[in-house]
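# predicted model and sequence below, questions to follow.
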Amino acid sequence: MMLEHLFPALSWLKNYSRVQFGQDATAAFIVTMLLIPQSLAYAMLAGVPPEVGLYSSILPLVLYAVFGTSTSLSVGPVAVASLMTATSLAAIAEQGSASYLTGAITLALLSGVMLVIMGVMKLGMVTNLLSHSVISGFISASGIIIALSQLKHILGIQAHGDNVVTQILSMLESMGDFKPVTFVVGVSVVLFLLLARRYAKRFFLMLKVPEASAASLAKTAPIVGVLSSLGIVYAFDLQAHGVAITGTIPAGLPHLSLSLPSLELVKSLALPALMISIIGYVESISVGKTLGAKRREKVKPNQELIGLGAANIASGVSGGFPVTGGFSRSVVNFDAGAVTQLAGVMTAIGIMIASLVLTPVLFFLPKATLAATIIVAVTTLIDFSILKKTWSFSRSDFYAVLATIIVTLLFGVEVGVASGVGLSILLHLSRTSRPHVAEVGLIEGTEHFRNVKRYEVKTSPNLLCLRPDESLFFVNAAFLEDYIIDSINKRQEITHVVIQCSAVNEIDFSALEMLESLNNQLLTLGIKLSLSEVKGPVMDHLECSGFLQHLSGRVYLSQYQAFKDIEGETNSNIK
């Protein structure tokens, strides 16, 4: 069991069957067809040589297969991580230089080490600190930046910029170099891929292909676009008409090496690596959980950090750049019938064969085709419906999403992801710092207590019953104290305050100090403070602190018991 915990692959290897091998092999073939053009395209987006994209799709798949817990997740280069890589390295090196590639490798290594450390420290809950809506806004804005960054290859011009303003201005300045033939090639591939996305499945169904296989085959349309445009460029010598091609891609496998980067380079890339790690992990765990739910398999967040970290370290050691679990290829892997991570290992073998044999064939591959592949792929990332949904549901979420989108578009992905993380944390702190506090009363004929503003309930003029719907800690302790003091200032007849703790899962030291202060304040006013429905772990902390010895009131097992006891005491005093 301990070995299976460290190496999740052992859990499916011990019962592996020939039938499963056939299913995995079929999925691996289909995913390989998708991954070859994707790897080349995302390498171009990251600003590294095309073969580096292939290298980043070999060992990472193998290492994730050993350490990962999702049977369907396919690891490799993805759009957002590739863009973040290019943005992070733009300030420290020039694309095409040896130092730029060293920086990309360093990013992968740093990202891998950070993820493994987070996994060992069991920080898988880090995703809980990130608002899904805010991250959706960041990814949508990143999709727009990615698409704009690839338009230069479609137009055949030179352009630069890491935000929409600089990109658009740069493209406008370079429009004098517009190349019509390149534009026709790029737009043709874009249209083909969009049509394939809509009609390719129907086409395969017409050929009597089973529906599950038809859906998977339809998603390998990029390889058809690659081969078709490559053949056209070669046949009509379009290179002579200004169509930029990939050129020589060195055949062979990655050379494994581990050279320690300089301390200065590590300092420069530490923060970008952390951001890439967080966003990559969020994307990966989201995909893994979504696909896992369809098979009722449990994806373990902490082990996923280790699996993804191992994949990134493997990418760095083999000369690659940061990787993560990709949505499109993982869905294809799932739909194609992959049942274990051996499909990922076989996909890695397929990429290895492509690196050894197919790279000479890709010499005439137009860069416009790779750009078209990226543009169509990232259209699935752009989803502004989140603005409409958050506007209807939560205005604070809406403003946070809108701010993240605007910041990302205007200032680039680095500032965008930092603002997204910051806004997620601020949203959390804002909500927990002002928790919902309900004054509750007894529903006649029952022992249930509900909000006096929502139900017809029985209350006592001398008794204030409050239910804070949040754990009590340093962020919201003062809010609850002020709320109680304001309430008793408005109602001079109050002689007892009962805090119903049914929603309080934890009380930290700051909240404890607040309760002690509140108890003393109320005591000077002749008001007793009591607690009800205190959970076991919270009670343990209160007993250890000595707070209960000085509590002016009592701790009641139930709110009903507190209400009846204090009501009876009040009535007897009146008599």
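Right, received. Where do you want to start? Numbers count the residues shown, from 1 in each chain.
# roughly how far apart are Ile375 and Leu148?
9 Å (Cβ to Cβ, to the nearest Å). (Glycine included, C-beta is placed from N, CA and C.)
# so for these two, which residue has more residues nearby?
With neighbours defined as other Cβ atoms under 10 Å, Ile375 and Leu148 compare such that Ile375 has more, 24 against 20.
# so where does that one fall, helix or strand?
helix 367-378 (DSSP states H and E).
# quick check: next helix or strand after that helix?
Following helix 367-378 in sequence, per DSSP H and E, is helix 385-393.
# tell me how far that next one lies from the chain's centre.
19 Å (Cα atoms, centre = their mean, to the nearest Å).
# please apply the same query to stretch 452-469.
41 Å.
# how about the helix holding Ile375: buried residues?
By neighbour count on 16 or more other Cβ atoms under 10 Å, the buried set for helix 367-378 is Lys367, Ala368, Thr369, Leu370, Ala371, Ala372, Thr373, Ile374, Ile375, Val376, Ala377, Val378.
# the first one reaches Ile245, doesn't it?
Yes: counting by Cβ atoms under 8 Å, Lys367 does reach Ile245; the two are 6.8 Å apart.
# could you identify the helix or strand that succeeds the helix ranked longest in the chain?
Ranked by number of residues, the top helix in the chain under DSSP state H is helix 263-295. Toward the C-terminus, helix 263-295 is succeeded by helix 301-317 as the next helix or strand (DSSP H and E).
# that following helix versus helix 263-295: what angle between them?
Between helix 301-317 and helix 263-295, the angle comes out at 130 degrees (axes from the mean of the first three to the mean of the last three Cα atoms, to 10 degrees).
# avg pLDDT for helix 301-317?
For helix 301-317, mean pLDDT rounds to 96.
# parallel or antiparallel, list what pairs with the very next helix or strand once past that helix.
Downstream of helix 301-317, the next assigned helix or strand under DSSP H and E is strand 324-325. Strand pairing for strand 324-325, using DSSP bridges, gives strand 75-76 (antiparallel).
# ok, then the element right after the partner strand?
By DSSP H and E, the next helix or strand past strand 75-76 is helix 79-90.
# now for that following helix, which elements pack on it?
When contacts are defined as 3 or more Cβ pairs under 8 Å, 6 or more residues apart in numbering; DSSP states H and E, helix 79-90 sits against helix 18-46, helix 98-120, helix 132-155, helix 263-295, helix 367-378, helix 413-433.
# name whatever forms a beta bridge with Tyr556.
Ser532.
# wait, it sits on Ser530?
Yes: assessed by Cβ under 8 Å, Tyr556 is found in contact with Ser530 at 6.4 Å.
# hey, what's in contact with both of those two?
Shared contacts of Tyr556 and Ser530 (Cβ atoms under 8 Å, 6 or more residues apart in numbering): Val498, Ala562.
# name the nearest residue to Gly103, ignoring sequence neighbours.
By the measure of Cβ to Cβ, 6 or more residues apart in numbering, the closest residue to Gly103 outside its immediate chain neighbours is Leu89, 4.5 Å from it.
# distance check, the one you found against Gly96.
Leu89 sits 11 Å away from Gly96, going by Cβ to Cβ.
# show me which of these two is the more surrounded one.
Taking other Cβ under 10 Å, Leu89 and Gly96 do not tie; Leu89 has more neighbours (27 against 10).
# returning to that earlier point: what's the overlap in contacts for Leu89 and Gly96?
The contact sets of Leu89 and Gly96 overlap at Gly47 (Cβ under 8 Å, 6+ apart).
# give me the helices and strands touching the helix holding Ile375, please.
The contact analysis (3+ Cβ pairs under 8 Å, 6+ apart) places helix 367-378 against helix 18-46, helix 79-90, helix 132-155, helix 180-206, helix 221-236.
# can you add mean pLDDT and distance to Phe363 and give these back as JSON lines?
Shown next, in JSON lines, are the helices and strands packed on helix 367-378 (pLDDT from 0 to 100; distance: least, Cβ to Cβ, whole Å):
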{"stretch": "helix 18-46", "mean pLDDT": "92", "distance to Phe363": "12"}
{"stretch": "helix 79-90", "mean pLDDT": "93", "distance to Phe363": "23"}
{"stretch": "helix 132-155", "mean pLDDT": "91", "distance to Phe363": "17"}
{"stretch": "helix 180-206", "mean pLDDT": "93", "distance to Phe363": "16"}
{"stretch": "helix 221-236", "mean pLDDT": "92", "distance to Phe363": "8"}
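# quick one: closest of those to Val497.
helix 132-155 (37.0 Å; Cβ to Cβ).
# tell me the buried residues in that closest one?
For helix 132-155, the neighbour count (16+ other Cβ under 10 Å) marks 133-155 as buried.
# hey, C-alpha coordinates of that helix in PDB?
Output in PDB follows, covering the C-alpha atoms of helix 132-155 (Å, rounded to 0.1, in the frame of the first residue of the first chain):
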ATOM      1  CA  HIS A 132     -12.900  29.800 -10.200                       C
ATOM      2  CA  SER A 133     -14.600  32.800 -11.700                       C
ATOM      3  CA  VAL A 134     -11.500  35.000 -11.500                       C
ATOM      4  CA  ILE A 135      -9.300  32.300 -13.000                       C
ATOM      5  CA  SER A 136     -11.900  31.800 -15.800                       C
ATOM      6  CA  GLY A 137     -11.600  35.600 -16.500                       C
ATOM      7  CA  PHE A 138      -7.800  35.400 -16.600                       C
ATOM      8  CA  ILE A 139      -7.800  32.400 -18.900                       C
ATOM      9  CA  SER A 140     -10.300  34.100 -21.300                       C
ATOM     10  CA  ALA A 141      -8.100  37.200 -21.400                       C
ATOM     11  CA  SER A 142      -5.000  35.100 -22.000                       C
ATOM     12  CA  GLY A 143      -6.800  33.400 -24.900                       C
ATOM     13  CA  ILE A 144      -7.300  36.800 -26.600                       C
ATOM     14  CA  ILE A 145      -3.700  37.700 -26.100                       C
ATOM     15  CA  ILE A 146      -2.500  34.400 -27.400                       C
ATOM     16  CA  ALA A 147      -4.700  34.700 -30.500                       C
ATOM     17  CA  LEU A 148      -3.500  38.200 -31.200                       C
ATOM     18  CA  SER A 149       0.100  37.100 -30.800                       C
ATOM     19  CA  GLN A 150      -0.300  34.600 -33.600                       C
ATOM     20  CA  LEU A 151      -2.000  37.000 -36.000                       C
ATOM     21  CA  LYS A 152       1.500  38.200 -37.100                       C
ATOM     22  CA  HIS A 153       2.200  34.700 -38.500                       C
ATOM     23  CA  ILE A 154      -1.100  34.700 -40.400                       C
ATOM     24  CA  LEU A 155      -0.400  38.200 -41.800                       C
END
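# looking at the buried residues of helix 367-378, which is nearest Phe203?
Once Cβ to Cβ is applied, the member of the buried residues of helix 367-378 that ends up nearest Phe203 is Val376, at 17.4 Å.
# nearest residue to the closest one in space, please, no chain neighbours.
Leu193 is the one closest to Val376 (Cβ to Cβ, 6+ apart), at 4.2 Å.
# how many residues are close by the one you found?
22.
# if I look at it, how far off is Thr369?
10 Å.
# now for the two: what residues contact both?
Gly225.
# hmm, back to that, out of the helices and strands packed on helix 79-90, which is closest to Ser315?
Proximity to Ser315 (Cβ to Cβ) singles out helix 98-120 among the helices and strands packed on helix 79-90, at 4.4 Å.
# shaky segments in this protein?
Applying pLDDT under 70 to the chain flags the ranges 1-2, 127-129, 570-575.
# how about Leu365, what does it touch?
Leu40, Val226, Ser229, Leu230, Val233, Ile245, Thr246.
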